[in-house]
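Trainee: Quick one: sequence plus predicted model below, questions after.
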Amino acid sequence: MSQAQEYILGTSLTEQKRLLKQGTLFEAEACWLLDQVGLQAGARAIDLGCGPLGILHLLAERVGSTGEVVGVDREARLLDMARTIVADRRLPNVELFKRDVTATGLPRAAFDLVHERLVLMMTPHTKQMLAEMVALTRPGGVVAVQDLDVVSHICEPEHAAWLQLLTTYHRVYQARGLDGYLGRRLPGLLRAAGLVEVQVKVHTQVSHVGEFGQTLFLDIIEGLRDHIIADGLHIPDELTALVEALREHLNTPGTLVVQPLLFQVWGRKPV
Ligand SMILES: C[S@@+](CC[C@H](N)C(=O)[O-])C[C@H]1O[C@@H](n2cnc3c(N)ncnc32)[C@H](O)[C@@H]1O
């Protein structure tokens, strides 16, 4: 098994824009989560693996001018976009750091909320990242995570290209030590990391023709294209034919897509 050393979907402008649109797709759920954890004005919050924005803007809004928000990512190009967006949106209380989420080097026990979205499922070092999240949290503070479990990811009517590309997606992930079904394991992982009062909420969404979510899976497959070819899972022409066949199906009126489950799991660091 090779271990993912770089963000598997790359840092192209296409991927940056995809992450921003995906963030919008999950924004209502993120606001719901922040309501549950009760982030207060004046608090310190951190978004690990924030990419080009993550939930930095939502955190900044809640902690207000007396609070502080930190964003961390390993990819310089994604952080450059985050810097631009933070400046454009005039979020003066947001600071960005280029660090690895498994060892940030940031002050210990310093944050009221330590958050990540779709990062644990992008690293084979799940336990190390969770340990770092707990270490960054002040006693009594909250660790909150949001990751997917693709168990619910279906299209209706079913299509052979969907099933084949889903298998391909899992193979690419597995070869890099990543788990597309991570969501269901999160409550146990948070408890094992020493958190208490661990709570869970699961969301999903249905997409229809013309909506971003309808072809999101194809965007991800395109993002994985080089890995798929390098791993010998499809030759380029075959992959293109599968993607085109599925795109036609997903763009056919009446085809619906159920998104993966978004697991939100949060717990408190004991005092
Ligand atoms: C799927 S994106 C999610 C971005 C953002 N959290 C969001 O919800 O839009 C995963 C992010 O995790 C970052 N990442 C993955 N592994 C990392 C690591 N070991 N250290 C720092 N960042 C990492 C990637 O660079 C990427 O920005």
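Mentor: Good, I have the coordinates. Predicted model only: the values in this text are computed from it and were never measured.
Trainee: switch to C-alpha atoms for all contacts and neighbour counts from now on
Mentor: Will do.
Trainee: dump the residue contacts of the residue of the stretch 151-271 of the chain at minimum distance from the ligand.
Mentor: Residue nearest to the ligand within the stretch 151-271 of the chain: residue 220 (10.0 Å; CA to the nearest ligand atom). Neighbouring residues of residue 220 by CA atoms under 8 Å, 6 or more residues apart in numbering: residue 9.
Trainee: wait, what's in contact with the most centrally placed residue in the chain?
Mentor: Residue closest to the average C-alpha location in the chain (CA atoms, centre = their mean): residue 118, at 1.7 Å. Residues in contact with residue 118 (CA under 8 Å, 6+ apart) are 146-148.
Trainee: what residues does the protein put near the ligand?
Mentor: By CA under 6 Å from any ligand atom, the residues of the chain that approach the ligand are 7, 19, 23, 49-51, 54, 73-75, 99-102, 116-119, 122-123.
Trainee: from these, which would you call buried?
Mentor: 19, 23, 49-51, 54, 73-75, 99, 101-102, 116-119, 122-123 (16 or more other CA atoms under 10 Å).
Trainee: Next step: the residues you listed restricted to helices.
Mentor: 19, 23 (DSSP state H).
Trainee: hang on, the earlier thing: so which of the residues of the chain next to the ligand sit within strands?
Mentor: Counting by DSSP state E, the residues of the chain next to the ligand place 73, 116-117 in strands.
Trainee: what about residue 42, is that helix, strand or coil?
Mentor: coil (DSSP: H, G, I helix; E, B strand; the rest coil).
Trainee: What about the spatially closest residue to it that is not a sequence neighbour, how many residues nearby?
Mentor: The spatial neighbour of residue 42 that comes closest, neighbours along the chain excluded (CA to CA, 6 or more residues apart in numbering), is residue 67 at 3.7 Å. Per other CA atoms under 10 Å, the neighbour tally for residue 67 reads 18.
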